[in-house]
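Trainee: Got a predicted structure plus its sequence, pasted below:
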Amino acid sequence: MPLTTRKKFDALTGLRCIAACMIFVYHNRKYWRQEHYPHFLIQIFNEFYLGVSIFFVLSGFLIAYNYNKVNVGSASEYFSYLIKRIGRIFPVYWLVLTAYYLDARYGNFNFSLFTYSLFHGFSDRHNLDAIAQAWSLTVEMTFYFFAPFMLFLINKKLGYVFYFLLALFGAFWGTGILLHHGSLASYSFLYPFDFLLTGTFAGQSALFLFGMLLARYFENHELRFVALLDNFKYKTLVGLISLLAIILFLTTFQKNLLDQSNKYLLGNLIQLTILPAVIILFFWGLVDERTLISRFLSSKIMILLGNASFAFYLVHISYVNLALKTIVLLPDRNFVLLWLISIFIYWVYEKPVYGFIKRFLDKRGRVVTGGV
């Protein structure tokens, strides 16, 4: 694979569609429990929230690969990077959120800066307010904020980033404890520990870091423990089988059909260590090997669905889905219809808006540096 040139990772784009579908199945599994699907199948569906983990690892990989040269010492360069990341997340989120608040049946015009800023995602009490799945956007935006600093540390010495993330976790934890014993206790900011571990960047940072380390290896081949697999020819197959095996193993933590493994500390530790290692092996295979799986994920329809997956993530539950169900509810829980809506949002709104923001910032950057 020509690692010296930038390229699109088409198979990884298509994989975003699969991750989004996993999350859709996870959120709709309660209906299938009522329809007496096989118990083992429901147990597997209970673990499909791991689609979010795939998104986090992928985000770490792509940010590290595409923004490795961001100069954290340059305020203008860092600001430009951050605005691009904000432009990637907020326009579609604000569109859906505003529609929610304008609907008297749901938001009833009770606009809140708390949710518009995504700051509510730091609160265990409020992180599911309005557009419930937006809690993960707070995690994502926190990563975007720290990513250039993490890349700077990785490029200096790999061990530095581990110390940084440990210190960050401690800072988040300490802040949560202090706020819990103060006047803001009712908000449960960064508290309790279970929420800190599963619902914040501090707790989920290992997933992003694994993706960043894979990107680092692609850049300079310096990670010896990864280089051992460089000539291994079955990374896609082994990665996929291992990923499925971990999902099956995690089902053993469940005590009933309402349970899932991330309610248990050991289950979380597996998801933050073994799982991302397997995910990056699968990613590596998709990028490095030409297989039936990579060809399928790189097909035009999968790339389109992958590009529309962020919009799908924001409409598949909460406001848009609930409002749509008042009009029509198809046997597939509106799965296909929600994808069509997502594609429309991507083509008509998300892609043009993000494209405008990128062009504006790129033009501004050329003016500032005196470029053509």
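Mentor: Received, thanks. What you are looking at is a predicted structure, and each value in this text was computed from that prediction instead of being measured.

Trainee: Just after the helix or strand of the chain with the lowest mean pLDDT, pick out the following helix or strand.
Mentor: In the chain, no helix or strand scores lower on mean pLDDT, DSSP states H and E than helix 224-227, which sits at a mean of 57. Using DSSP states H and E, the helix or strand that directly follows helix 224-227 along the chain is helix 235-250.

Trainee: contacting residues around that next one?
Mentor: 44, 47-48, 50, 229, 232, 261, 267, 270-271, 274-275, 278-279, 281-286, 288-289, 291, 293-294 (Cβ atoms under 8 Å, 6 or more residues apart in numbering). Every C-beta, even on glycine, is put in place using the N, C-alpha and C of the backbone.

Trainee: repeat that with 6 Å
Mentor: 47, 261, 267, 275, 278, 281-282, 284-286, 289, 291, 293 (Cβ atoms under 6 Å, 6 or more residues apart in numbering).

Trainee: nearest to residue 214, of those residues?
Mentor: Lowest distance from residue 214 to the contacts of helix 235-250 (Cβ to Cβ) belongs to residue 284, with 6.4 Å.

Trainee: Let me see the mean pLDDT of the host helix or strand of that closest one.
Mentor: Per DSSP H and E: residue 284 is located in helix 274-288. Averaging pLDDT along helix 274-288 gives 95.

Trainee: Then stretch 67-85?
Mentor: Stretch 67-85 comes out at a mean pLDDT of 91.

Trainee: distance between the ends of it?
Mentor: Start-to-end span of stretch 67-85 (Cα to Cα, to the nearest Å) is 11 Å.

Trainee: What residues of it count as buried?
Mentor: 67, 68, 70, 77, 78, 80, 81, 82, 84, 85 (16 or more other Cβ atoms under 10 Å).

Trainee: Measure how buried the closest residue to residue 28 other than its chain neighbours is and give me the count.
Mentor: Distances taken as Cβ to Cβ, 6 or more residues apart in numbering put residue 333 closest to residue 28, at 5.0 Å, once the chain neighbours are dropped. Residue 333: 18 surrounding residues under other Cβ atoms under 10 Å.

Trainee: now do residue 311
Mentor: Counted with other Cβ under 10 Å, residue 311 comes out at 27.

Trainee: Check which helices and strands the helix or strand harbouring it sits against.
Mentor: Per DSSP H and E, residue 311 falls inside helix 309-315. Under the contact criterion of 3 or more Cβ pairs under 6 Å, 6 or more residues apart in numbering; DSSP states H and E, helix 309-315 touches helix 10-34, helix 335-345.

Trainee: Give me the distance between it and the centre of its chain.
Mentor: 11 Å (Cα atoms, centre = their mean, to the nearest Å).

Trainee: could you dump it to PDB, C-alpha only?
Mentor: Output in PDB follows, covering the C-alpha atoms of helix 309-315 (Å, rounded to 0.1, in the frame of the first residue of the first chain):
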ATOM      1  CA  SER A 309     -24.200   7.400   8.400                       C
ATOM      2  CA  PHE A 310     -23.800  10.500  10.600                       C
ATOM      3  CA  ALA A 311     -27.200  11.800   9.600                       C
ATOM      4  CA  PHE A 312     -28.600   8.300  10.100                       C
ATOM      5  CA  TYR A 313     -27.100   8.200  13.600                       C
ATOM      6  CA  LEU A 314     -28.900  11.500  14.500                       C
ATOM      7  CA  VAL A 315     -32.300  10.400  13.100                       C
END
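
Trainee: Now do the helix or strand just after that helix against helix 335-345, angle only.
Mentor: For helix 309-315, the following helix or strand on the C-terminal side (DSSP H and E) is helix 318-325. Here helix 318-325 runs at an angle of 120 degrees relative to helix 335-345 (axes from the mean of the first three to the mean of the last three Cα atoms, to 10 degrees).

Trainee: Next, the angle helix 10-34 makes with helix 318-325.
Mentor: Helix 318-325 runs at 60 degrees relative to helix 10-34, counting by the same axes, to 10 degrees.
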